[in-house]
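Engineer: this one's sequence-less:
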Ligand SMILES: Nc1ncnc2c1ncn2[C@@H]1O[C@H](COP(=O)(O)OP(=O)(O)OP(=O)(O)O)[C@@H](O)[C@H]1O
């Protein structure tokens, strides 16, 4: 099971500009939380605060059931240094908890990596260098890394952006499987049909928290004047 997350007056200012007015609330464990709002609303900034990547005000408390587990982060724009001489296979090897040394073990690891890459539709890209992947492929690779790490807390920043429909289907299936297995998922999404179908809770962000509740409670509010009409 993934953790719950409590936010206590989480706020963010950058260069004296208030990006997020204080946000308080509880993200329940084992649920899919959709974070929605217009462009520039502060959704990615909120996610970076929750990940500990962004200095902020207020408190974030993770309530792990038992020992803290691993988290996975798939950013909106994943970047790798293009000149890095690392193949996809080598990158995935660094993720495996049991690394291969010799013959049989190496073969087993390779099979494991191939199986993971198949789940995100990248099985034919094993020998490419990181810098040769497209944007959508980089996202899928980071998703595969999260799967290998058996992460129970997932941060997905617009995970379907740039994916073709086949890849979208694969990633969506994995998201639903993670949810069924009890992971806590935070997903920034602009597709309100997807949010309506799959989210347990919705957090409407626009310079702070505008609304929080079920899709039925929150989505109608996203259609109000002044906000994007997506509901
Ligand atoms: N260093 C900075 N100084 C001032 N403002 C900044 C800084 N960095 C980001 N911002 C602003 O913070 C706001 C929130 O950005 P953020 O990336 O969190 O938005 P978002 O809701 O994820 O948007 P999108 O849907 O377009 O991805 C934006 O208006 C952005 O211009």
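Structural biologist: That came in fine, so what should we check first? Just so it is clear, the structure is predicted and the values come from calculations on it, not from any experiment.
Engineer: Where does pLDDT dip in this structure?
Structural biologist: 97-104, 224-231 (pLDDT under 70).
Engineer: what ranges do the strands span in it?
Structural biologist: Ranges of strands in the chain, per DSSP state E, are 4-14, 17-27, 32-36, 57-63, 71-74, 153-157, 184-188, 201-205, 209-213.
Engineer: Dump those strands to a markdown table, plus distance to residue 108.
Structural biologist: For glycine as for every other residue, the C-beta is placed from the backbone atoms N, C-alpha and C. Listed next are the strands of the chain as a markdown table, based on distance: least, C-beta to C-beta, whole Å:
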| stretch | distance to residue 108 |
| --- | --- |
| strand 4-14 | 36 |
| strand 17-27 | 37 |
| strand 32-36 | 33 |
| strand 57-63 | 33 |
| strand 71-74 | 23 |
| strand 153-157 | 26 |
| strand 184-188 | 30 |
| strand 201-205 | 40 |
| strand 209-213 | 45 |
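Engineer: With distance to residue 95 and mean neighbour count as extra columns, can I get those in a markdown table?
Structural biologist: Formatted as a markdown table, these follow (distance: least, C-beta to C-beta, whole Å; neighbours: other C-beta atoms under 10 Å):
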| stretch | distance to residue 95 | mean neighbour count |
| --- | --- | --- |
| strand 4-14 | 24 | 17 |
| strand 17-27 | 26 | 17 |
| strand 32-36 | 24 | 24 |
| strand 57-63 | 22 | 14 |
| strand 71-74 | 11 | 21 |
| strand 153-157 | 15 | 24 |
| strand 184-188 | 20 | 25 |
| strand 201-205 | 30 | 23 |
| strand 209-213 | 34 | 17 |
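Engineer: nearest to residue 49, of these?
Structural biologist: strand 4-14 (6.0 Å; C-beta to C-beta).
Engineer: And that closest one, what does it pack against?
Structural biologist: strand 17-27, helix 43-51, strand 57-63 (3 or more C-beta pairs under 8 Å, 6 or more residues apart in numbering; DSSP states H and E).
Engineer: tilt between that strand and strand 201-205?
Structural biologist: Interaxial angle, strand 4-14 versus strand 201-205 (axes from the mean of the first three to the mean of the last three C-alpha atoms, to 10 degrees): 10 degrees.
Engineer: sorry, back to before: let me have the strands of the chain in a markdown table, extended by distance to the ligand.
Structural biologist: Shown next, in a markdown table, are the strands of the chain (distance: least, C-beta to the nearest ligand atom, whole Å):
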| stretch | distance to the ligand |
| --- | --- |
| strand 4-14 | 4 |
| strand 17-27 | 4 |
| strand 32-36 | 8 |
| strand 57-63 | 15 |
| strand 71-74 | 14 |
| strand 153-157 | 7 |
| strand 184-188 | 6 |
| strand 201-205 | 7 |
| strand 209-213 | 12 |
